[in-house]
Structure formats: structure tokens, C-alpha cells
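**Student:** Whatever this is, show me its structure:
(one chain, ligands or ions: 1)
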Amino acid sequence: MTTLYTMPGTCSLSPNIAVAWLDAPVEIEAMAYGDHKKDDYLAINPKGKVPAVKFDDGDVLTEASAILAWLGATHGKDGYARDTELGRKEAEALSYMTSEVHAAYGGHFGPQNLAETEDGQAEVKRKTYETLAGHYTRLNDVLRDNGGEWYLGRRSFADTFLYVLSRWIEQTPMTIDDYPALKDHRARMEADAGVQKALKRQNMDPIG
Ligand SMILES: N[C@@H](CCC(=O)N[C@@H](CS)C(=O)NCC(=O)O)C(=O)O
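**Tutor:** Prediction:
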């Protein structure tokens, strides 16, 4: 069976929610934190990161936005196909969220990779939160301008990644209260049965 590898607290929650929304025939493997650096998993994904999908024939697909694109193309129902305006906007939004916003979190999760001294790392973190505040303002405003309910005005996989990002804000000195549209969206996502199912399958709880 096709398997999606996940780990608590990580962006693998995004494709996990997409699997739940599509009721796609994909098994969820809930790894414990740290398993991503063990040999068994490194044999599947040598990058040592989640998410990854392993297919029946042994082929492996990594990168959240590629996995979401595959899910939409293979198991997508109305609204998830890529050859629609929503599909194109979804691809754009997911590229932004993964390659810009997620990547900017490197300065929060791993400042030691960007500076050696304590002062240097503190500076990295300060700049990181400045950058992230700009991203969160943009995300909040796009969501608000699209009606406030779903990031692109209609439910799409962009909402699954946005939910991951609006959870991570809790780990920073920033507050979701500064982004009211994101705060409402996060609460709406947590009321969704597919999101609740995905959280449980990945050993995570709602923020509440
Ligand atoms: N560019 C990758 C990033 C994947 C990534 O950084 N995953 C994080 C979790 S959100 C991870 O596995 N981190 C573990 C580590 O780096 O040790 C994607 O979009 O899928």
C-alpha cells in the first residue's frame, strides 16, 4: 500500500490532512520524533526529512508541495485538479508557503546552522521573526481579501499548509492574535473532521 510518512509537529500534517479530505488510499505511518534520522527511514528518504511517500513499486516522492500535487492529480475530486484556476493558484500558494515561509523557519528551528556564536544566533532569531511577521501579514491579508473562510476563497490544499504554519507561530515569540484571519482559519480547520482525523493519525492535538 502507498504510505505517507509523518512525524508529530511537522509539515507532514499538510499532506496527511489532504489524504483525509480526499479519502485517498494512502496508509499513514506515524513515526516518533527522531525516527527520521534512523537507518530504516534514511533508506526511504536520504534527506532525513518528512513528509515522504513510498509507493508499492518502491518509488519514493518527497517535498510537501510535490506530494500534494501528486495527491490532487491522482486522487483529486472536483476542485483539486491542477488544470483549473484554483489548481494553479493552489500550486502558487503552496510554493510560497513551502519555499519561502517554511524555509524562513530555519532561523527559528536551527539558528546554530546559520551562526556560530550565541550573539549571532540571537541576531538570526531576531531577523527570522521580522521576516516571518512579514509573511504572516501577507498570509493573513490574502486570506482576509479572499473572504476569510479559505485561503483561496474555496477550500484547497493551501489551507492544509496554512494550518501547519498557523500552529508553528505558537513556538515563536509572535502571537496569532496579531493575525485575526489566520486565527479564525485555524479554529475553522480544527473543527473539520478531516483535520481532526489527520491530527490523531499523527499523534497530535488541536491547539484549541
Ligand atoms: N522542503 C521540504 C522540507 C521538509 C522539512 O524540512 N521537514 C521537516 C519537518 S516540517 C523535517 O523533517 N525536519 C527534520 C529535520 O530537519 O531534522 C518540504 O517542503 O517537504
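
**Student:** Could you give me the buried positions within stretch 181-201?
**Tutor:** Applying a neighbour-count criterion of 16 or more other C-beta atoms under 10 Å, one finds 181-183, 185-186, 188-190, 192, 194-199, 201 buried in stretch 181-201. In this view, the C-beta of every residue, glycine as well, is placed from N, C-alpha and C.

**Student:** Ok, stretch 123-131 next?
**Tutor:** Those would be 124-125, 128-129, 131, for stretch 123-131 by 16+ other C-beta under 10 Å.

**Student:** Just these: which are in helices?
**Tutor:** Taking DSSP state H, the ones among these that sit in helices are 124-125, 128-129, 131.

**Student:** among the residues you listed, which are in reach of the ligand?
**Tutor:** Among those, proximity to the ligand is found for none (C-beta under 6 Å from any ligand atom).

**Student:** Please tell me I have it right and Thr98 contacts Ala64.
**Tutor:** Yes. Between Thr98 and Ala64 there is a contact at 5.5 Å, judged by C-beta atoms under 8 Å.

**Student:** can you list residues touching both of those two?
**Tutor:** Both Thr98 and Ala64 are in contact with 11, 161, where contact means C-beta atoms under 8 Å, 6 or more residues apart in numbering.

**Student:** Settle it for me: which of the two has more neighbours?
**Tutor:** Ala64 (26 against 20; other C-beta atoms under 10 Å).

**Student:** Helix or strand: which one has Val53?
**Tutor:** strand 52-54 (DSSP states H and E).

**Student:** Identify the residues contacting the helix or strand just after that strand?
**Tutor:** As assigned by DSSP H and E, the chain's next helix or strand after strand 52-54 is strand 60-62. Around strand 60-62, the neighbours that count as contacts under C-beta under 8 Å, 6+ apart are 44-45, 47, 49, 51-55, 67, 70.

**Student:** Nearest to the ligand among the residues you listed?
**Tutor:** Closest approach to the ligand among these (C-beta to the nearest ligand atom): Lys49, at 3.3 Å.

**Student:** and that closest one, that's in a strand?
**Tutor:** No. When the secondary structure is assigned by DSSP: H, G, I helix; E, B strand; the rest coil, Lys49 falls in coil instead of a strand.

**Student:** Brilliant, that's me finished.
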